[in-house]
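1. Quick one, what's the 3D model for this:
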Amino acid sequence: MPQNTKTTDAAGVLVFDAKNPGSGDPVYRQTTSSWGSFMNNNAVWESSITATRFNRTYSFTVPSSSVGTASALVAVDDDVQVAIDGTRVFTDAQTFTTVRTVPLNISPGNHTISWTAQNGVGPSGGSGPGGLSLLIYANTLGVPVGIDYTLNEVNTVLNYFTPNNRVRASHVNELLSLYSRFQNHKHTLTDVVRLKTFGNTGSSLSAVDETGAVSGTSAQPSNVAAGTQITAAQHALVRQALNSLRTHFHNWTDN
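-> Next up, the predicted model:
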């Protein structure tokens, strides 16, 4: 698999898109033949493409599933300075034929983004059309899709198997239930080429794929009945199943 086309387990959640920034001053879609694909698919500016300045402030929300990091995809003609919660996080200039990825630290919760963009009057001193493409994806690395149990449920089951506790059939069956529910999880994948070309995670040009369910794990051990003895063979099957989770894998198709 070419490393520049896919990254696994790295599906960002789109938390800000300058094309649809939310309440505040409006933005205006712009395109021109001198720009690259990412710009022409995502660029906004004032209503006049030749306006010399384009300054905005908006609010956005990062979901609780975020791990606190994010990536900004940005391209600009001519210059831009971007701040989050009043602190400048990056500047960019003359990237209108490509796209730049900027790593960010953004915690879950509500935030404010603002930018000052220039056309023909900024550090680059360019002229002609003005445009800004800016999308931010909050990183949800390692957060799988489809696991329906909570950390409290896991801790409850773990506490059954502690010294001096009597292990009951119901305890073993709860553990096996978690094992079964784990088999249903998947992971999302970011198609980096599509993301950097189109910038979207929706429509027929979606940048998000999904793996298949779990593969490579052992067969589900049978539940045990109350009042019966758990044999060494049954214990070995449970241990083998749980150990197989450590080497599980997922299949996926590159679309």
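2. use CA for all of it now, contacts and neighbours both
-> Fine.
3. What ranges does this structure have for its helices?
-> Using DSSP state H, the helices of the chain run over 37-42, 151-160, 169-182, 192-198, 232-244.
4. just so I know, which of those helices lies nearest Ala70?
-> For the helices of the chain, proximity to Ala70 was assessed by Cα to Cα; helix 192-198 is nearest, at 14.2 Å.
5. Quick one: mean pLDDT for the closest one?
-> Taken as a whole, helix 192-198 has an average pLDDT of 63.
6. re earlier: lowest average pLDDT across the helices of the chain?
-> Across these, helix 192-198 gives the lowest mean pLDDT, at a mean of 63.
7. If we go by neighbour counts, what in stretch 30-38 is buried?
-> By 16 or more other Cα atoms under 10 Å, the buried positions in stretch 30-38 come out as Gln30, Thr31, Trp35, Gly36, Ser37, Phe38.
8. ok, now how distant is Val67 from Ser114?
-> Applying Cα to Cα, to the nearest Å, the value for Val67 to Ser114 is 23 Å.
9. before we move on, back to that, from the helices of the chain, which stretch is densest packed?
-> Compared across the helices of the chain, helix 37-42 shows the largest average neighbour count, a mean of 23 (mean count of other Cα atoms under 10 Å).
10. Remind me what it packs against, helices and strands.
-> Applying 3 or more Cα pairs under 8 Å, 6 or more residues apart in numbering; DSSP states H and E, we find helix 37-42 packed against strand 69-77, strand 131-138, helix 192-198.
11. any idea of the angle the second one forms with strand 69-77?
-> Per axes from the mean of the first three to the mean of the last three Cα atoms, to 10 degrees, the angle that strand 131-138 makes with strand 69-77 is 170 degrees.
12. Measure how far strand 131-138 is from the centre of its chain, please.
-> Centroid separation for strand 131-138 versus its chain: 14 Å, with Cα atoms, centre = their mean, to the nearest Å.
13. The longest one now?
-> If you compare the mean C-alpha spot of strand 69-77 with that of the full chain, they lie 14 Å apart, counting by Cα atoms, centre = their mean.
14. Ok, stretch 62-81 next?
-> Relative to the centre of its chain, stretch 62-81 is centred 12 Å away, using Cα atoms, centre = their mean.
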